[in-house]
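In: I'd like to go over a predicted model; first the sequence, then the structure.
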Amino acid sequence: MENLDRLTKISIVIIGMIATFAALDALEGIFAPLALALVAGVVLSPLSDFWEARGYSSIVGALLGLVATLLVMAGFALIFHPVISQLVDQAPKVWSDMQETIRMVRGLLRGLSDVTDGVGEAIAPEANASTEGAVVVEGEGVELPTVTDAVLAAPLVVSQILIFGGALFFFLMTRREIYDWAADLMPSRGERVHLARKLRHAEREVSRYFVTITMINAGLGLAIAAALQVLGMPDAILWGVVGFLLNFVVYLGPAIFLVALLFAGVAVFDGWLAMAPAASFLILNALEAQFVTPGLVGRNMAINPLLVFLALVFGIWLWGPIGGIVAIPLLLWALVLYKDLGRVPG
């Protein structure tokens with residue numbers, strides 16, 4: 001009977017988790033900007049504390065944080081636009097430059113296929129005969145979004161920006177009340193004080209982590225810009241800014257930036273020099289990941305790489321790029337809070 005009760009409780013928990021994840025996925029347009037606003041609010045909490053410590057109302061700190069965040073987001077959008085436009089404009093030249101390489105690779109693969117077919121015929125003639133007549137279908141080109149698509153998507157984007165802005169403003173304005181409200185759910189006064197203190201401590205840890213990572217990414221962006229400038233890459237400073245931004249999305253961001261540099265390198269340079277921008281980024285990124293970040297972040301704030309990878313995969317699967325951005329800060333917040341609440345006073 002006891003085992004049956006335990007299995008029932010476990011089943012209820014599993015069903016509840018599945019229902020929660022399904023709701024988060026179905027209501028992505030609401031929950032994704034809310035989660036992003038929560039992370040941004042936690043990161044900006046020292047700014048609100050700074051203004052409140054000087055006698056300003058919490059509304060002033062929240063408004064300044066919101067305005068600063070929206071200005072930064074607008075600036076990032078303006079930065080990414082010319083880079084994407086440049087890559088699109090250079091696509092024909094890149095394709096022309098890569099034709100010889102593609103033909104060489106196809107020839108190599110065709111030679112390997114002939115060798116494999118020869119071995120297959122020698123080993124199993126009947127099985128190999130069934131594959132004759134197979135036709136390789138060339139992949140179709142990727143269609144670019146049209147103006148109609150952009151017009152139809154505009155209301156959704158505007159609504160998500162409004163949800164993000166409203167949630168960020170009210171969280172910054174009332175976050176102390178939110179922490180106190182959560183603490184009031186605890187039964188004893190000592191536990192309430194402990195929970196409120198630990199919620200603020202988790203907030204400070206996430207903010208400190210984000211500020212540290214921002215400094216590291218800024219240094220990486222400067223190094224990328226300097227290396228590309230030495231190589232003679234056009235818009236090197238702009239590429240450095242893009243590298244700085246994409247490095248916030250662990251694993252996936254650097255991979256996207258590497259592919260973009262390979263694309264741009266082929267478009268700008270000839271021969272082996274076309275690989276130089278991507279190779280320089282690989283070296284700089286390896287130095288940052290292996291030495292700079294572990295040294296500055298420290299052991300107390302370090303996160304298990306497996307947890308980072310799983311959180312990133314889950315976040316991207318659930319909410320796409322926004323999920324990849326919020327996954328690591330939310331993971332750190334949960335880990336810090338879990339570790340602190342493990343020492344709840346009796």
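Out: Sure, I can see it.
In: What are the buried residues along the host helix or strand of L238?
Out: L238 belongs to helix 236-246 when assigned by DSSP states H and E. Residues 236, 238-246 are the ones in helix 236-246 that count as buried (16 or more other C-beta atoms under 10 Å). The C-beta positions use only the backbone N, C-alpha and C, and glycine is treated the same way.
In: just these now: which is nearest I30?
Out: Of all these, I30 sits closest to L245, with 25.0 Å by C-beta to C-beta.
In: That closest one contacts A77, correct?
Out: No: here L245 lies out of contact with A77, judged by C-beta atoms under 8 Å, at a distance of 10.7 Å.
In: what's the spacing between A26 and I325?
Out: A26 sits 20 Å away from I325, going by C-beta to C-beta, to the nearest Å.
In: Of those two, which one has the most company?
Out: In terms of neighbours (other C-beta atoms under 10 Å), I325 is the more surrounded of A26 and I325; the figures are 23 against 10.
In: so what's the more buried one up against?
Out: Contacts for I325 (C-beta atoms under 8 Å, 6 or more residues apart in numbering) come out as 36, 39, 248-249, 315.
In: And for the host helix or strand of P33, what's in contact with it?
Out: If you go by DSSP H and E, P33 is part of helix 28-43. Contact with helix 28-43 is made by 23-24, 65, 69, 156, 159-161, 163-168, 171-172, 175, 203, 206-207, 210-211, 318-320, 322-323, 325-326, 329-330, 333, as judged by C-beta under 8 Å, 6+ apart.
In: go on, stretch 201-210?
Out: Stretch 201-210 is contacted from outside by 39, 42-46, 175, 297, 301, 329, 332-333, 336-337, 340, using C-beta under 8 Å, 6+ apart.
In: Which of those residues sits closest to R197?
Out: So of the contacts of stretch 201-210, ranked by how close each gets to R197 (C-beta to C-beta), first place is D340, at 8.5 Å.
In: In helices, which of the contacts of stretch 201-210 appear?
Out: The members of those that map onto helices under DSSP state H are 39, 42-43, 45-46, 175, 297, 329, 332-333, 336-337, 340.
In: Now, of the residues you listed, which are buried?
Out: Buried subset of the ones in helices among the contacts of stretch 201-210 (neighbour count, 16+ other C-beta under 10 Å): 39, 42-43, 45, 175, 297, 329, 332-333, 336-337, 340.
In: any chance of those in CSV, plus distance to L222?
Out: Formatted as CSV, those follow (distance: C-beta to C-beta, whole Å):
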residue, distance to L222
V39, 25
V42, 26
V43, 21
S45, 27
R175, 33
V297, 19
P329, 23
L332, 25
W333, 29
V336, 30
L337, 34
D340, 35
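In: which two from those residues end up farthest apart in space?
Out: Most distant of those, by C-beta to C-beta, are R175 and V297, 24.6 Å apart.
In: Was I right to think V266 contacts A274?
Out: Yes: if you go by C-beta under 8 Å, V266 and A274 touch, sitting 4.7 Å apart.
In: and the helix or strand where A196 lies, how far from the chain's centre?
Out: Using DSSP H and E, A196 sits in helix 189-231. Centre-to-centre, helix 189-231 and its host chain are 15 Å apart (C-alpha atoms, centre = their mean, to the nearest Å).
In: Now do it and helix 28-43, the angle between them.
Out: Helix 189-231 runs at 90 degrees relative to helix 28-43, counting by axes from the mean of the first three to the mean of the last three C-alpha atoms, to 10 degrees.
In: which stretches of the stretch 51-200 of the chain form helices?
Out: All helices of the stretch 51-200 of the chain, identified by DSSP state H, counting those that start in this stretch, fall at 58-89, 91-123, 125-129, 147-183, 189-231.
In: Assign a three-state SS to P234, would you?
Out: coil (DSSP: H, G, I helix; E, B strand; the rest coil).
In: actually V250, not the one I typed
Out: Applying three-state DSSP: V250 is coil.
In: re earlier: okay, the buried ones among the ones in helices among the contacts of stretch 201-210 in JSON lines with pLDDT and distance to L4 next?
Out: Output for these, formatted as JSON lines (pLDDT from 0 to 100; distance: C-beta to C-beta, whole Å):
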{"residue": "V39", "pLDDT": "90", "distance to L4": "41"}
{"residue": "V42", "pLDDT": "88", "distance to L4": "42"}
{"residue": "V43", "pLDDT": "86", "distance to L4": "46"}
{"residue": "S45", "pLDDT": "87", "distance to L4": "46"}
{"residue": "R175", "pLDDT": "87", "distance to L4": "43"}
{"residue": "V297", "pLDDT": "72", "distance to L4": "47"}
{"residue": "P329", "pLDDT": "86", "distance to L4": "40"}
{"residue": "L332", "pLDDT": "86", "distance to L4": "38"}
{"residue": "W333", "pLDDT": "86", "distance to L4": "36"}
{"residue": "V336", "pLDDT": "82", "distance to L4": "37"}
{"residue": "L337", "pLDDT": "81", "distance to L4": "33"}
{"residue": "D340", "pLDDT": "67", "distance to L4": "35"}
